[in-house]
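J.: just the structure for this:
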Amino acid sequence: MDVSACLDVGGTKLQAALINNEGTIFFKTIEPIDKRGGEYTGGQIIAKIKDVYDKSQYQEMNLSGIGIALPGQIKDGGKVWAPNISDWQSYPLEEKISQSIPSSWGPVVTISDRQGFAEGEYWLGRAKNTRNFVFIAIGTGIGAGIFINGTYYGGHRGLSGSMGWLTIKGRVHESPCSVNHLENYASGSGIINTTREILARFPEYSGQLADISEHELTARDIFKAYEEGDKAAQRIFDNVIEHWSGAIADCTSILDPQLIVLGGGLFGPASRFLSSLKCEVNKRLSPAQKGTVNITISLLGSEGVLFGIKRVILRKM
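T.: Have a look, this model is predicted:
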């Protein structure tokens, strides 16, 4: 049986799987990303490919292709700019992998995680047979995979769908890290930033979030506080929903898709906000678009990007 090694290099973790040509996963593993970056992270990826290869041999499968999805930009020659990995401004990932493994293991493919999520959704998910749609991934970062007329649209430099960089309020400062980007307020890390800002403005707050140090605070803590009726958490998610709905409405106005699929690490727990999100999006759309776009949540979860990698490998073979 032919299988491919499919790896997703996320904001905080590396997941890898063996997937056959029908989209069945036979093995999957997840581990934290090596935060040291540079050659350390590159070496971790290569070691994981070899580990997955060993698993394929143990199960008497034929490895026929290797694919890696990453946030950021895939440049000519498989060089990678990844904002979550230090010293990866133009890291020659494909070259490093090709030098480290036999060519008999099949072609090496690198794609953006935005493309991976969208390709997976088009192949096996909610967007099956939908020619014009957008997949919006909200997790450690925020990105969008765009399909136009049944084909992934990467843009002139492969940077289409970089929604996390949308400027949502205030003026642009000289340092790009201080710009008011969507990701700084409405991603997993952005929700934590928003929480810190709100709590700092209300020193009299004594709810459950006040008992957690700002260095230990997680998005999971904030979701839990929301579930238990914490007023600060409710205010936080009111702000986040406003940011999400504005971005989705902007995306809808520009691209006019049939479908928007929401996924990534936060949609899971954030699925409870879908009804409110739809309502807020519709408030921001033109009369011609109100109620015409289906907004839904992916059923593929974190595995969607792995399926997308496999779909791209199949096209290369």
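
J.: can you tell me the element Cys6 falls in?
T.: strand 2-9 (DSSP states H and E).

J.: who does that strand pair up with?
T.: strand 13-20 (antiparallel), strand 62-70 (parallel) (DSSP bridges).

J.: how much space between Gln289 and Ala127?
T.: 19 Å (Cβ to Cβ, to the nearest Å). Backbone N, C-alpha and C define where each C-beta goes, glycine included.

J.: which one's more surrounded, those two?
T.: More crowded of Gln289 and Ala127, by other Cβ atoms under 10 Å: Ala127, with 26 against 15.

J.: and the spatially most central residue of the chain, which helix or strand is it part of?
T.: Residue closest to the average C-alpha location in the chain (Cα atoms, centre = their mean): Ala137, at 4.3 Å. Assigned by DSSP H and E, Ala137 falls within strand 133-138.

J.: kindly report the same for Lys283.
T.: Judged by DSSP H and E, Lys283 forms part of helix 274-284.

J.: need the next SSE after that helix, C-terminal direction.
T.: Where DSSP H and E defines the elements, the next helix or strand beyond helix 274-284 is strand 294-297.

J.: got the angle for the helix-or-strand element of the chain with minimal mean pLDDT vs strand 133-138?
T.: When the helices and strands of the chain are scored by mean pLDDT, DSSP states H and E, helix 188-201 comes last with a mean of 89. Put simply, helix 188-201 runs at 50 degrees to strand 133-138, going by axes from the mean of the first three to the mean of the last three Cα atoms, to 10 degrees.

J.: using PDB, write out the CA atom coordinates for helix 188-201.
T.: Output of helix 188-201 as PDB, limited to C-alpha atoms (Å, rounded to 0.1, in the frame of the first residue of the first chain):
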ATOM      1  CA  GLY A 188      -5.000  32.100  20.800                       C
ATOM      2  CA  SER A 189      -2.100  34.300  21.900                       C
ATOM      3  CA  GLY A 190      -4.100  37.400  21.000                       C
ATOM      4  CA  ILE A 191      -6.900  36.500  23.300                       C
ATOM      5  CA  ILE A 192      -4.400  36.300  26.200                       C
ATOM      6  CA  ASN A 193      -3.100  39.700  25.200                       C
ATOM      7  CA  THR A 194      -6.700  41.100  25.200                       C
ATOM      8  CA  THR A 195      -7.300  39.600  28.600                       C
ATOM      9  CA  ARG A 196      -4.300  41.200  30.100                       C
ATOM     10  CA  GLU A 197      -5.300  44.600  28.700                       C
ATOM     11  CA  ILE A 198      -8.800  44.400  30.000                       C
ATOM     12  CA  LEU A 199      -7.700  43.200  33.500                       C
ATOM     13  CA  ALA A 200      -5.200  46.000  33.700                       C
ATOM     14  CA  ARG A 201      -8.000  48.500  33.100                       C
END
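
J.: hang on, the earlier thing: which residues sit against the strand holding Ala137?
T.: 113-114, 117-118, 121-122, 127, 142-147, 161, 163, 186-188, 244, 247-248, 251, 255, 257-267, 270, 298, 304 (Cβ atoms under 8 Å, 6 or more residues apart in numbering).

J.: pLDDT at Gly170, what is it?
T.: The model reports Gly170 with a pLDDT of 55.

J.: I figured Gly78 hits Pro92, correct?
T.: Yes: with contact defined as Cβ atoms under 8 Å, Gly78 reaches Pro92; the gap is 6.9 Å.

J.: so between the two, which is more surrounded?
T.: Gly78 (19 against 15).

J.: now do the contacts for the residue nearest to Asp87 when sequence neighbours are not counted.
T.: Among residues not flanking Asp87 along the chain, Gly38 sits closest, at 3.8 Å (Cβ to Cβ, 6 or more residues apart in numbering). Shown in contact with Gly38 (Cβ under 8 Å, 6+ apart): Ile85, Ser86, Asp87, Trp88, Tyr91.

J.: what of Glu183?
T.: Contacts of Glu183 (Cβ under 8 Å, 6+ apart): Gly141, Ile142, Met163, Gly164, Trp165, Ser189, Gly190.

J.: one more: Ile46?
T.: Lys96, Ile97, Ser100, Ile101.

J.: any idea how far Trp123 is from Lys79?
T.: Using Cβ to Cβ, Lys79 is found at 27 Å from Trp123.

J.: ok, back up a step: can you point out the buried residues in the helix holding Lys283?
T.: Leu277, Lys278, Glu280, Val281, Asn282, Arg284 (16 or more other Cβ atoms under 10 Å).

J.: how about the closest residue to the fifth one other than its chain neighbours, phi and psi?
T.: Same thing as Asn282. Spatially, and ignoring its direct neighbours in sequence, Asn282 is nearest to Lys290 (5.0 Å; Cβ to Cβ, 6+ apart). Main-chain dihedrals, Lys290, degrees, to the nearest 10: phi -60, psi 130.
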